[in-house]
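> Make a model of this:
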Amino acid sequence: MSCHRNADEKIKEAIAKGEFDNLPGKGKPLDLRAYFATPEHLRMSYSILKSAGIIPEEMELLKQIEGLKKSLGSCTSQIEKRAIQNQLSEKITNFNLRMERYRKEHS
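You can find the predicted model right below:
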């Protein structure tokens, strides 16, 4: 019980000192698409790795896919659009193959 009370006190102290005032993303909604796109059995370990500043390849692929989708939306050249679509298709295929391999290994 004293550990719980001690943790609560430390949190209250940190709030009073303003230590939570400038956290990254403050006031913005959480983007959980990548979290839910990750197979359930990998979510916790990937979250821990992300907190440590280590991004697994699958998560990096999801970031790249999102970036390519955004680039595709603002693209004006047909040649550039086709190149981005090819990259996007390649990344999505790569991601899906990795996820299928994980499903087979853990079923």
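> what does stretch 84-100 rub up against?
The contact list for stretch 84-100 (CB atoms under 8 Å, 6 or more residues apart in numbering) reads 39, 57, 58, 61, 62, 64, 65, 68, 69, 71, 72, 75. The way it works is simple: take the backbone N, C-alpha and C, and place the C-beta from them, glycine included.
> of all these, which comes closest to residue 33?
Nearest to residue 33, judged by CB to CB, of the contacts of stretch 84-100 is residue 62 at 7.8 Å.
> low-confidence ranges in this structure?
For the chain, residues meeting the criterion pLDDT under 70 lie at 1-5, 107.
> Compute the number of surrounding residues for residue 95.
Applying other CB atoms under 10 Å, we find 19 residues neighbouring residue 95.
> change the start of the numbering to 5 and stick with it
Renumbered: residue one is now 5, and that last one reads residue 99.
> separation between it and residue 12?
41 Å (CB to CB, to the nearest Å).
> so what's the nearest residue to residue 43 once chain neighbours are set aside up against?
Nearest residue to residue 43, sequence neighbours excluded (CB to CB, 6 or more residues apart in numbering): residue 106, at 5.6 Å. Contacts for residue 106 (CB under 8 Å, 6+ apart) come out as 43, 45, 46.
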